[in-house]
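S.K.: let me see the structure of the following:
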Amino acid sequence: MLITVKWLEELLGKKLEVERLKRISLNLGLEVEEVTSLAPPDLRIGRIERLTPHPTLGNLTILQVKLNKRLQIVTAAKNVKKGDLVLVGPAGIKFNEQTIKEKNFKGVKSEGVLISEQELGLAESSTGVIILERGKPGALFKDFFDDLVLDMSTTPNRPDWLSVEGIAREMAVGLNINKAVRPAADRLLYASKQTNRRGSFKIEIKNLTGCPRYTARIFNNVEVKESPFWMKWRLHCMGMSHVNNIVDITNIIMLLTGQPLHPFDLDLLKGGIIIRKAKSGEEFTTLEGTKLTLTRDDLIIADDNGPIALAGIIGARCAQITENTKRVLLESAYFDPKYIAHTSRRLGLITEASIRFERGADISAVDKASLRSGELFKRYASAKEQEFLGEGEKGKAVRIKFSLDRLNKILSLALTSDQVKSLLKKIDIQVSGRGKLLARIPHYRRDLRIEEDIYEEVARVFGYMKIPETMPQRWGGRVKIDRMRMYENNVKNYLLGQGYSEAYTLSLTASSRLLKSGFDKFVTIKNPLNERFDALRPTLFFGLLDCVNYNLSKGNRSLRFFEIGNILLPEDPFQERRLGLIVGGEQYPDFWNKRGEVIDYYDAKGIVESIFKLLHIKEIQFTEVTKRGFSQAAAVQLAGKELGFVGCIESTLCKSPYYYAELHLEKILKLITETYYIPPAKYPANTRDLSFLVDIGVEVPRLIEMITEVGGPILEKVILFDYYKGKNLPADKKNLGFRLYFRSPDRTLTDSEVDAFVKRIEEKLSKKVDAKLRKKE
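M.R.: Numbers count the residues shown, from 1 in each chain. Sure, this is the predicted structure:
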């Protein structure tokens with residue numbers, strides 16, 4: 001937001017120091033990013049006292065101009081007369097990177113130049129020189145007109161800061177000025193009261209959601225001409241171009257109040273004003289001549305012929321103000337931010353008006369801004385107001401209840417009700433009550449909606465630096481531990497300790513990629529940035545796969561990544577927490593004596609098992625499954641519930657052998673039971689190594705389950721220590737070696753007791769899966 005120091009001084013009624021303004025702004029949440037001086041430093045104001053024709057050059061005039069002293073200046077300008085205040089560049093000063101020199105015109109000395117709008121950067125060309133409305137002969141130009149411009153950084157939640165009045169209100173707090181912000185009495189008037197005069201013109205709001213308030217002020221006998229110099233120069237300093245007096249007045253009031261306005265040539269309108277949704281395919285030509293095609297989602301201002309403005313964004317060429325305009329309809333309205341944001345983004349059309357409406361303009365300023373513009377129309381365009389029409393609501397004030405005790409507790413202060421009322425009154429918040437207080441929020445403060453907002457405002461106005469530093473009070477209640485987060489962190493720290501790197505990947509992916517990989521149900525995005533990011537991820541796989549492929553392209557081979565994040569689904573549960581990990585390459589890349597040992601499928605299964613062991617979840621099973629994108633895969637199950645999978649990635653997706661596992665973290669963490677203490681065993685274990693010849697299709701988890709059933713409580717654990725198929729075995733057979741640990745908690749088991757269990761295990765496996773126990777020869 002650009003704002004001139006001179007304009008702030010007019011509103012606040014005092015001279016301001018830039019450095020102090022910068023400090024105050026920062027304390028109030030604003031920030032002055034840059035200070036620019038626009039007024040040429042040595043130009044002065046002069047008054048023309050006498051004009052005489054040049055004796056030999058008929059197109060030139062000799063002027064006697066009063067500054068601190070009288071200067072003789074020769075000019076070709078035809079728009080000057082006696083008594084005019086002009087902008088003078090005396091000989092010897094530097095202007096536009098050149099030194100102004102005395103010149104001789106056929107024996108007549110010229111001791112300076114008069115400055116034109118072109119030379120000052122206000123116009124591409126000009127036929128005359130600048131005539132000033134006010135000033136003191138001999139005074140510097142920058143002392144009477146805008147010079148220093150502040151570029152202020154504003155936040156999106158404070159639309160009131162997109163106005164000079166809004167900034168001035170904040171500065172008044174920092175400068176401790178306890179009076180209302182006021183405009184300069186000679187230029188920008190506050191009209192004392194609204195005048196309601198209805199005539200034959202009609203307004204119809206067909207969409208009250210998009211336009212809760214619309215006003216039209218009609219003027220006759222309008223004289224469209226050049227704006228006064230002060231207005232042109234102020235607009236220039238604020239980063240806007242001047243057009244004509246009518247358009248410039250609406251822009252100057254918008255900059256002052258934050259309320260956008262738009263003037264229409266009333267003679268170019270047919271019928272009344274209608275605020276409605278556009279028809280699909282309806283054509284619209286902007287003021288600049290750009291042709292647009294509208295949709296049913298666009299809010300427009302229309303007459304009987306069609307659109308005359310894109311609501312809150314830009315007007316149409318068919319109703320623009322020209323030098324032939326005699327009657328003006330001045331629009332001042334409030335438009336819903338959602339409508340403006342949608343159309344502005346869809347069309348890529350961002351204007352000063354759309355920015356203000358999109359952030360949320362002040363509905364209470366609609367009538368005030370219209371009235372103040374009308375006063376300037378009368379002054380600078382000789383306009384006569386004919387009628388005023390207003391439709392819709394003017395908005396309701398927001399009220400917030402808050403507690404004085406809670407405010408003081410949060411801010412570590414000891415304020416009284418009267419002190420709080422006094423502080424908030426400085427920012428137009430009226431407070432009533434004692435202890436339990438009620439705040440009435442001004443319309444322009446759209447960011448204040450809950451009691452904590454009020455506490456923040458009190459701290460801001462009181463002064464953050466004045467709040468005493470205190471140690472936080474110890475809370476005596478129980479701290480609630482987030483068990484899920486704790487276990488999640490345990491898993492994360494474990495994987496980091498195993499040499500894995502944590503990855504953070506995008507939640508967006510390509511729908512085409514998902515379809516190729518067999519995902520037929522996923523959430524798509526309506527307005528994606530591009531085709532690569534048009535869907536929400538239903539898996540963590542693709543993000544981690546991209547990490548691996550990127551590293552492989554850079555020459556990195558031994559890689560271990562994991563990610564804990566949410567995946568998005570089109571049906572309940574719509575969001576699920578998952579753990580994805582990807583691993584491949586050498587097992588020990590940093591050890592010279594273990595080179596060549598590569599990570600395989602069983603290592604990947606091992607890391608999955610170790611995660612469950614970390615969480616004290618036992619008896620998980622791996623069931624072989626077919627999964628698209630994986631040459632080998634197994635589902636991770638517990639008690640018939642699938643908790644994830646692990647697999648070897650196909651070579652078409654990844655050049656080197658890499659392995660991926662994805663676990664349903666939320667489901668797994670809910671299975672965790674409280675840990676309890678088990679004392680060390682008092683009696684030794686009795687072990688047996690059993691080797692079975694089974695069909696190739698028999699699964700290991702099934703065999704372990706049957707062995708455990710027979711072993712009962714004295715079978716402590718079963719591990720697979722050997723797996724063999726191939727030479728010396730039939731093609732449809734495999735050999736599995738199991739080590740069984742038998743132990744009793746209250747005595748030492750005898751060999752005969754254990755042999756009896758082994759016999760029963762042999763019989764059951766033989767009966768169920770035709771397993772043959774291989775005995776030592």
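
S.K.: phi, psi for residue 216 please.
M.R.: phi -130, psi 130 (degrees, to the nearest 10).

S.K.: list the contacts of it.
M.R.: 201, 203, 273, 329, 330, 331, 388, 389, 390 (Cβ atoms under 8 Å, 6 or more residues apart in numbering). For every residue, glycine as well, the C-beta is placed using N, CA and C.

S.K.: distance of the first one from residue 577?
M.R.: In this case it means residue 201. 61 Å (Cβ to Cβ, to the nearest Å).

S.K.: what of the last one?
M.R.: Counting by Cβ to Cβ, the separation of residue 390 from residue 577 is 54 Å.

S.K.: is residue 658 bridged to anything, and to what?
M.R.: Taking DSSP bridges as the rule, residue 658 bridges to residue 584.

S.K.: how many residues are close by it?
M.R.: 24 (other Cβ atoms under 10 Å).

S.K.: surely it and residue 559 touch.
M.R.: Yes: between residue 658 and residue 559 there is a contact at 7.5 Å, judged by Cβ atoms under 8 Å.

S.K.: domain parsing for this protein?
M.R.: 2-38+147-174, 44-144, 203-392, 398-462, 483-670, 686-774 (automatic domain parsing).

S.K.: pick the most deeply packed of those domains.
M.R.: domain 203-392 (a mean of 20; mean count of other Cβ atoms under 10 Å).

S.K.: do me a favour and average the pLDDT over that one.
M.R.: Domain 203-392 comes out with an average pLDDT of 96.

S.K.: what's the distance between it and the middle of its chain?
M.R.: Offset of domain 203-392 from its chain centre (Cα atoms, centre = their mean, to the nearest Å): 28 Å.

S.K.: now do stretch 639-654
M.R.: 37 Å.

S.K.: need the distance between the two termini of that stretch.
M.R.: 33 Å (Cα to Cα, to the nearest Å).

S.K.: what does it rub up against?
M.R.: 545, 548-549, 552, 578-579, 582, 584, 601, 604-605, 608, 619-620, 622, 625, 627, 629-637, 657-664, 667-668.

S.K.: 6 Å - rerun?
M.R.: Stretch 639-654 has contacts (Cβ atoms under 6 Å, 6 or more residues apart in numbering) with 601, 604-605, 608, 627, 629-636, 658-664, 667-668.

S.K.: quick one on the thing from earlier: pull up the overlap in contacts between residue 658 and residue 559.
M.R.: Counting by Cβ under 6 Å, 6+ apart, the residues touching both residue 658 and residue 559 are residue 548.

S.K.: and for residue 685, the neighbour number?
M.R.: Neighbours around residue 685, by other Cβ under 10 Å: 16.

S.K.: and it, how far from residue 714?
M.R.: 10 Å.

S.K.: skip the chain neighbours and tell me the closest residue to the spatially most central residue of the chain.
M.R.: Centroid check for the chain by Cα atoms, centre = their mean gives residue 156 as the closest residue, at 8.6 Å. In this structure, residue 156 finds its nearest non-sequential neighbour in residue 359, 5.9 Å apart by Cβ to Cβ, 6 or more residues apart in numbering.

S.K.: can you read off the pLDDT for residue 719?
M.R.: 92.

S.K.: give me every residue that touches it.
M.R.: residue 739.

S.K.: how about residue 8?
M.R.: By Cβ under 6 Å, 6+ apart, the contact list for residue 8 reads residue 168.

S.K.: tell me which stretches of the stretch 501-650 of the chain form strands.
M.R.: Here the stretch 501-650 of the chain has its strands, by DSSP state E, counting those that start in this stretch, at 501-502, 508-509, 535-536, 559-568, 575-584, 621-625, 630-638, 641-649.

S.K.: what about stretch 588-596, start to end distance?
M.R.: For stretch 588-596, the end-to-end distance is 8 Å (Cα to Cα).

S.K.: and the strands of the stretch 501-650 of the chain: which comes nearest residue 237?
M.R.: strand 508-509 (43.1 Å; Cβ to Cβ).

S.K.: any weak-confidence spans in the protein?
M.R.: Within the chain, the stretches with pLDDT under 70 are 178-199, 472-479, 593-594, 776-777.

S.K.: mind doing that once more with 50?
M.R.: Where the chain drops to pLDDT under 50, the residues are 182-193, 195.

S.K.: run the chain-centre distance for stretch 677-691.
M.R.: Using Cα atoms, centre = their mean, the offset of stretch 677-691 from its chain centre is 61 Å.

S.K.: again with stretch 385-399
M.R.: 32 Å.

S.K.: quick one: contacts of it?
M.R.: 196-199, 203, 205, 212-220, 363-364, 374, 438, 440-441, 443.

S.K.: about what we covered before: is it fair to say the residue nearest to the centre of the chain lies in a strand?
M.R.: No: read with DSSP: H, G, I helix; E, B strand; the rest coil, residue 156 is coil and lies in no strand.

S.K.: can you report phi and psi for it?
M.R.: Per degrees, to the nearest 10, the backbone of residue 156 is at phi -60, psi -20.

S.K.: same thing with residue 84?
M.R.: According to degrees, to the nearest 10, residue 84 has phi -70, psi 140.

S.K.: same deal with the one 10 residues further on?
M.R.: Note on residue 94: backbone dihedrals following degrees, to the nearest 10 are phi -100, psi 130.

S.K.: closest one to residue 678 among the domains of the chain?
M.R.: For the domains of the chain, proximity to residue 678 was assessed by Cβ to Cβ; domain 686-774 is nearest, at 9.9 Å.

S.K.: can you give me the end-to-end span of the closest one?
M.R.: Using Cα to Cα, the two ends of domain 686-774 sit 20 Å apart.

S.K.: same check on stretch 11-19?
M.R.: First-to-last residue span, stretch 11-19, Cα to Cα: 19 Å.

S.K.: mind checking how far that stretch is from the chain centre?
M.R.: That offset, for stretch 11-19, works out to 33 Å (Cα atoms, centre = their mean).

S.K.: what's next to that stretch, contact-wise?
M.R.: So stretch 11-19 is contacted by 5, 9, 35, 168, 177, 181 (Cβ under 6 Å, 6+ apart).

S.K.: show me what contacts the third one?
M.R.: Residue 35 sits next to 18, 150 when contact means Cβ under 6 Å, 6+ apart.

S.K.: helices or strands up against the helix or strand containing residue 667?
M.R.: For residue 667, the host element (DSSP states H and E) is helix 665-670. The contact analysis (3 or more Cβ pairs under 6 Å, 6 or more residues apart in numbering; DSSP states H and E) places helix 665-670 against strand 575-584.

S.K.: with that, I have no additional questions.
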